[in-house]
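[1] I would like to see how this sequence folds:
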Amino acid sequence: MALVLVTPPVIEPVSIAEAKSHLRLDGSADDILVASLILTSRLHIEAALGLALVTQGWKLVLDRWPKSDCLALPLRPVQSITSVAVLTADGSPDVLAPSSFVLDGGGAPPRLVRTGAAWPTVGRAAAGIEIDFVAGFGAAAADVPAPIRQALLLLIAHWYEHRDPIEIGSAESAVPRAVSELLLPYRTARL
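    Here you go, the predicted model:
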């Protein structure tokens, strides 16, 4: 399985101005650093929670279909499925009709549920299924839930204050507890 970012978010969930206000910074001397901290904080939270915060396009590449009629998608929330294609032996895509599946995009995890009797046959041994989808809470920063935006600001502030090289696993490198608690409702249970 491979998950590839096709279209990155157009905006970040927190603007440079919002982050600077939270940090109580004046001037533009640290704008590049703050922008970098916004990006890395978003990526950290998205990776930790399996979320896409702001609208972005992804491609999921699979070797084979699941044995069940449901295919779990690795990011949430999923807004829409752009296309589902099965590659033939010669590598040409055979695009599935939208009526052959249903999207449960708000589930945890989001699911692609087949409506036919069986998934179509894959013509390649590896990377024979390509699913293009759009994920995220919405196109605007305000679409991202407020607790996640607040956690982003706290994480940005933490990393702004702790810029020195530190050993991973030390107390200084730990994500502040308040960030973890704000994000707790957005975690999925793993067994």
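
[2] Name the residues that touch the lengthiest helix in the chain?
    Using DSSP state H, we find that the single longest helix of the chain is helix 31-49. Helix 31-49 is contacted by residues 12-14, 16, 19-20, 23, 25, 51-53, 148, 151-152, 155-156, 159-160, 175, 183, 186-188 when judged by C-beta atoms under 8 Å, 6 or more residues apart in numbering. C-beta here means a position set from N, CA and C on the backbone, and glycine is covered the same way.

[3] Let me see the domain layout of this protein.
    2-53+140-186, 56-135 (automatic domain parsing).

[4] how about these in JSON lines, adding mean pLDDT and mean neighbour count?
    Below are those laid out as JSON lines (pLDDT from 0 to 100; neighbours: other C-beta atoms under 10 Å):
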{"stretch": "domain 2-53+140-186", "mean pLDDT": "92", "mean neighbour count": "15"}
{"stretch": "domain 56-135", "mean pLDDT": "94", "mean neighbour count": "16"}
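
[5] Just want the phi and psi numbers for the residue nearest to the spatial centre of the chain.
    Geometric centre of the chain, nearest residue: Ala52, 2.8 Å, by C-alpha atoms, centre = their mean. As for Ala52, its main-chain torsions (degrees, to the nearest 10) stand at phi -120, psi 120.

[6] thinking it is in contact with Pro74, fair?
    No. Checked against C-beta atoms under 8 Å, the pair Ala52 and Pro74 is beyond contact range at 10.1 Å.

[7] residues in contact with Val10?
    With C-beta under 8 Å, 6+ apart, Val10 has these contacts: Val54, Thr55, Ala139.

[8] With respect to Gly116, which of these is nearest?
    Thr55 (29.3 Å; C-beta to C-beta).

[9] in the chain, which spans are helices?
    Using DSSP H, helices in the chain cover 16-23, 31-49, 146-161, 177-183.

[10] Thr115: which of these is closest?
    Across the helices of the chain, closest to Thr115 is helix 31-49 (C-beta to C-beta), at 29.6 Å.

[11] Distance from the closest one to the middle of the chain?
    13 Å (C-alpha atoms, centre = their mean, to the nearest Å).

[12] then that helix to CSV, C-alphas only?
    Extracted C-alpha coordinates of helix 31-49, given in CSV (Å, rounded to 0.1, in the frame of the first residue of the first chain):
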residue,chain,number,x,y,z
ASP,A,31,8.1,34.8,9.6
ILE,A,32,10.0,32.1,7.8
LEU,A,33,10.6,30.2,11.1
VAL,A,34,6.9,30.6,12.1
ALA,A,35,5.7,29.4,8.6
SER,A,36,8.0,26.3,9.0
LEU,A,37,6.6,25.6,12.5
ILE,A,38,3.1,25.9,11.2
LEU,A,39,3.8,23.4,8.4
THR,A,40,5.6,20.9,10.6
SER,A,41,3.0,21.2,13.4
ARG,A,42,0.2,20.4,10.9
LEU,A,43,2.1,17.5,9.4
HIS,A,44,2.9,16.1,12.9
ILE,A,45,-0.8,16.3,14.0
GLU,A,46,-2.0,14.8,10.7
ALA,A,47,0.4,11.9,10.9
ALA,A,48,-0.3,11.2,14.5
LEU,A,49,-4.1,11.2,14.1
